[in-house]
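Novice: Predicted model and sequence below, questions to follow.
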Amino acid sequence: MTPQIRLQPNGDGSYDLLLEYSRWDAEFAKGFDFRQYWRHPSKSLAHRVRQAAAGVKIRSVKVLLSGVLVATLAFSAFTTALAASDKYTMGYLYTGTDKQQVEYVNQTGDSLDVVSPSYFDIAQDGSLTLNTPSSYFVEQMHQSGRKVVPFLSNHWNRTAGINALKDVETLSTQIAQYVEQYNLDGVNVDIENVTHNQRSQYTQLVRLLREKIPEHKEVSVAVAANPNGWTEGWHGSYDYAALAQYADHLMIMTYDEHYEGGDAGPVASIGFVEQSIQYALRYTTPDKIVIGVPFYGRVWGVDNTRIQGQGVSIKTIQKILNQCPSTVTYDTASQSVKAEFTVRQGDSFSVGGGISLTPGNYVVWYENHDSYEEKLALIEKYNLKGAGAWALGQEDVTIWDHYENWVDGEGSGTGSGGSQTPSNPAGFYEVKQGDTLWKIAQEQLGDGNRYREIMELNGLTSTEIYPGDLLRLPGQTEETPSTPDTSPSYREYTVQRGDTLWKIAQSQLGDGSRYREIMTLNGLSSDVLTPGQVLRIPSGSGGGSSNPSNPSTPSNPTPTYREYTVQRGDSLWKIAQSQLGSGSRYREIVSLNNLKSETVYPGQVLRLPK
């Protein structure tokens with residue numbers, strides 16, 4: 001369900017934030033725990049609320065259902081609910097150009113809070129090598145509300161890691177300086193394959209980073225999963241209790257249960273993941289624990305030992321299984337997927353690292369929707385902080401339609417081995433990753449130009465939509481209005497202080513009782529108005545215009561604007577500069593589109609002054 005979000009002034013400089021659900025939502029809510037929905041909001045709703053409330057003093061949040069006030073909550077309590085429901089989600093970035101990495105992140109929709117690119121490397125002698133951060137990438141992430149927390153890595157080189165930990169003072173100072181210089185949001189320490197002999201030095205590095213990096217920025221540590229409680233070797237290098245004292249959280253690498261060079265088996269069985277969590281909880285609290293999610297599998301050769309646990313992306317696994325004779329089974333004991341396949345003569349598949357699968361028989365263990373859902377459910381079970389994924393660009397992108405729900409413990413039943421997704425209520429469409437209003441109108445209504453009907457029917461004031469939003473579609477049920485003429489049949493009116501719908505209908509249409517026509521045309525579910533709000537007024541109607549800023553127009557006016565579809569990398573300033581000749585004219589675009597913020601999204605359709 002998609003609420004209209006508006007601010008209502010209280011007269012003392014504060015506002016109430018209104019979440020207005022339409023009569024169609026009221027119809028749907030009969031079989032839906034509505035109060036639970038808004039008290040535990042999705043990331044998309046949380047994102048929209050934060051945008052609307054930015055820079056404004058909010059007193060309370062009011063929820064209206066079909067024009068009826070159903071709940072009121074102090075804004076402080078509502079933000080607490082937002083924080084409680086908003087589990088931490090991050091994804092590592094290891095491959096690709098900055099533009100490719102932006103695309104990898106865009107594919108996730110609103111599912112991620114933090115991204116962690118590979119900007120800090122440790123050389124053989126222990127010195128820090130900077131992979132110069134991309135200002136373009138950082139800017140794009142910040143514009144979309146995400147934090148950029150690069151990871152520090154020795155890439156499994158033991159000598160490099162040991163040498164780096166010999167001078168943690170210098171290393172921590174350099175990292176803190178780079179975080180400030182490149183406008184980064186912290187650091188994720190990922191030094192692996194050192195030993196228990198470096199245990200105290202490792203903790204000392206994290207302590208110094210926390211002291212030198214501003215408190216509001218992240219300092220986190222990727223630690224080995226340790227379900228067996230080993231205290232020596234590289235598992236012994238992590239003092240969970242001490243590290244958690246200084247770090248914002250520990251990102252437990254709950255994967256590589258079976259690894260390259262070892263026997264075939266799951267990358268992350270449910271038992272392995274859960275036992276790793278239980279071990280960590282002996283040394284720290286749930287709010288300090290983030291579990292790792294593998295976006296890769298491992299493949300073993302059956303006929304020979306040339307391929308023994310080679311890592312391969314989920315995308316590549318899907319490609320191989322689509323093209324090769326295969327048998328796929330879901331192992332319920334481990335909650336993992338096992339596939340046996342044959343590469344035929346003449347075929348070859350690259351799996352990265354210069355390695356290819358040549359003709360022969362293989363077995364691969366990997367994850368799918370079912371297995372991700374089962375393991376991410378442990379976050380809710382143990383009330384953990386969230387999840388981190390290795391690595392973006394390797395996954396089946398359809399998981400992002402459900403990932404947020406899985407992390408929040410709201411099982412979707414969408415996996416290939418589980419129950420199917422419940423069908424949407426008749427006449428509704430659930431927004432999927434990559435959808436735009438134009439695309440939905442094209443696929444569901446047969447004409448992309450009909451996206452305006454969807455906007456009107458759902459009371460949308462912009463083309464901004466989010467995965468998980470439930471939209472009403474025209475022509476689906478008896479109650480749905482007939483398809484309107486796509487030519488403009490309205491004029492616009494800007495609400496003035498003291499206006500009511502009755503007053504506007506009286507002055508603009510000549511009859512106050514016609515206020516319901518204004519509500520229908522604008523998709524309003526209540527009669528609450530805000531000064532500055534732009535309303536559509538039916539054209540060709542009686543009555544004069546007492547608002548000089550809204551003169552009467554013919555019933556089919558010639559649009560005074562043209563449309564522009566937002567491209568990746570666009571900002572309002574950039575659009576104004578390229579389309580209007582001056583970046584400073586971006587305010588005209590804001591005004592014409594009744595935008596509440598300066599954030600724009602690829603695929604969004606904007607009106608531009610002619």
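Specialist: Thanks, I have it.
Novice: pretty sure Y490 contacts N522?
Specialist: No - shown here, Y490 and N522 do not form a contact pair, counting by CB atoms under 8 Å, at 9.1 Å. For the C-beta atoms, the positions are set from N, CA and C on the backbone; glycine is no exception.
Novice: what is in contact with those two at once?
Specialist: Counting by CB atoms under 8 Å, 6 or more residues apart in numbering, the residues touching both Y490 and N522 are R536.
Novice: any idea how far T89 is from the residue nearest the centre of the chain?
Specialist: Residue closest to the mean C-alpha point of the chain, counted by CA atoms, centre = their mean, is D110 at 1.7 Å. Look at D110 and T89: by CB to CB, to the nearest Å, they are 10 Å apart.
Novice: Between these two, which contacts overlap?
Specialist: Shared between the contact lists of D110 and T89 (criterion: CB under 8 Å, 6+ apart) are residues E404.
Novice: how about stretch 322-335 as CSV, C-alpha atoms only?
Specialist: Written as CSV, here are the backbone C-alpha positions of stretch 322-335 (Å, rounded to 0.1, in the frame of the first residue of the first chain):
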residue,chain,number,x,y,z
ASN,A,322,20.4,-23.3,-18.1
GLN,A,323,22.8,-24.6,-20.8
CYS,A,324,23.9,-27.9,-19.4
PRO,A,325,22.2,-31.2,-18.6
SER,A,326,21.7,-30.9,-14.8
THR,A,327,20.0,-32.3,-11.7
VAL,A,328,19.1,-29.7,-9.1
THR,A,329,18.1,-30.7,-5.6
TYR,A,330,17.3,-28.6,-2.5
ASP,A,331,19.1,-30.1,0.6
THR,A,332,16.7,-29.4,3.5
ALA,A,333,19.2,-30.5,6.1
SER,A,334,21.6,-27.7,5.2
GLN,A,335,19.0,-25.4,3.6
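Novice: can you tell me the average pLDDT over it?
Specialist: Stretch 322-335 comes out with an average pLDDT of 94.
Novice: Give me the distance between E373 and E443.
Specialist: According to CB to CB, E373 stands 26 Å off from E443.
Novice: Who has more neighbours out of these two?
Specialist: Set side by side, E373 and E443 give different neighbour counts by other CB atoms under 10 Å, the larger being at E373 (25 against 11).
Novice: now that one, nearest residue through space, not along the chain?
Specialist: Closest residue in space to E373, ignoring its immediate chain neighbours: W406 at 4.9 Å, by CB to CB, 6 or more residues apart in numbering.
Novice: tell me the secondary structure for that neighbour?
Specialist: The three-state assignment at W406 reads helix, by DSSP: H, G, I helix; E, B strand; the rest coil.
Novice: That one: what's it in contact with?
Specialist: Y372, E373, L376, A377, S412.
Novice: And the pLDDT at it?
Specialist: You'll see W406 listed with a pLDDT of 92.
Novice: Likewise for the one 4 residues further on?
Specialist: For E410, the model assigns a pLDDT of 71.
Novice: and the gap between it and H402?
Specialist: With the distance defined as CB to CB, E410 ends up 9 Å from H402.
Novice: Which one's more surrounded, those two?
Specialist: More crowded of E410 and H402, by other CB under 10 Å: H402, with 24 against 15.
Novice: Would you agree that one is in contact with E373?
Specialist: Yes - H402 is within contact range of E373, at 7.4 Å (criterion: CB under 8 Å).
Novice: Just say helix, strand or coil for Y104.
Specialist: Y104 carries the three-state label helix when classified by three-state DSSP.
Novice: count of residues packed around it?
Specialist: 20.
Novice: What of the one 5 residues further on?
Specialist: Other residues near G109 come to 22 when the count uses other CB under 10 Å.
Novice: Also A160?
Specialist: The burial count assigned to A160 is 23, neighbours taken as other CB under 10 Å.
Novice: ok so, going back, so which of the contacts of W406 belong to helices?
Specialist: Among these, the members falling in helices are Y372, E373, L376, A377 (criterion: DSSP state H).
Novice: what about L592, neighbour count?
Specialist: A count of neighbours around L592, defined by other CB under 10 Å, yields 16.
Novice: and it, what does it touch?
Specialist: The neighbourhood of L592, defined by CB under 8 Å, 6+ apart, consists of Y561, R607, L608, P609.
Novice: just G448 next, same as before
Specialist: Applying CB under 8 Å, 6+ apart, the residues near G448 are W438, K439, A441, Q442.
Novice: all strands of the stretch 151-300 of the chain, in order?
Specialist: In the stretch 151-300 of the chain, the segments counted as strands under DSSP state E, counting those that start in this stretch are 151-153, 186-190, 218-224, 249-253, 289-294, 296-301.
Novice: okay if I get those as JSON lines plus mean pLDDT, distance to D239 and mean neighbour count?
Specialist: Putting the strands of the stretch 151-300 of the chain into JSON lines (pLDDT from 0 to 100; distance: least, CB to CB, whole Å; neighbours: other CB atoms under 10 Å) gives the following:
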{"stretch": "strand 151-153", "mean pLDDT": "98", "distance to D239": "18", "mean neighbour count": "22"}
{"stretch": "strand 186-190", "mean pLDDT": "98", "distance to D239": "13", "mean neighbour count": "24"}
{"stretch": "strand 218-224", "mean pLDDT": "98", "distance to D239": "9", "mean neighbour count": "24"}
{"stretch": "strand 249-253", "mean pLDDT": "98", "distance to D239": "11", "mean neighbour count": "24"}
{"stretch": "strand 289-294", "mean pLDDT": "98", "distance to D239": "15", "mean neighbour count": "25"}
{"stretch": "strand 296-301", "mean pLDDT": "98", "distance to D239": "28", "mean neighbour count": "24"}
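Novice: would you turn these into CSV with distance to G498?
Specialist: Rendered in CSV, the data for the strands of the stretch 151-300 of the chain read as follows (distance: least, CB to CB, whole Å):
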stretch, distance to G498
strand 151-153, 56
strand 186-190, 49
strand 218-224, 48
strand 249-253, 51
strand 289-294, 52
strand 296-301, 61
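Novice: Out of those, the one nearest D469 is which?
Specialist: Put simply, out of the strands of the stretch 151-300 of the chain the one that sits nearest D469 is strand 289-294, at 24.5 Å, with distance taken as CB to CB.
Novice: by contact count, what packs against the closest one?
Specialist: Under the contact definition 3 or more CB pairs under 8 Å, 6 or more residues apart in numbering; DSSP states H and E, strand 289-294 sits against strand 249-253, helix 270-281, helix 369-382, strand 386-390.
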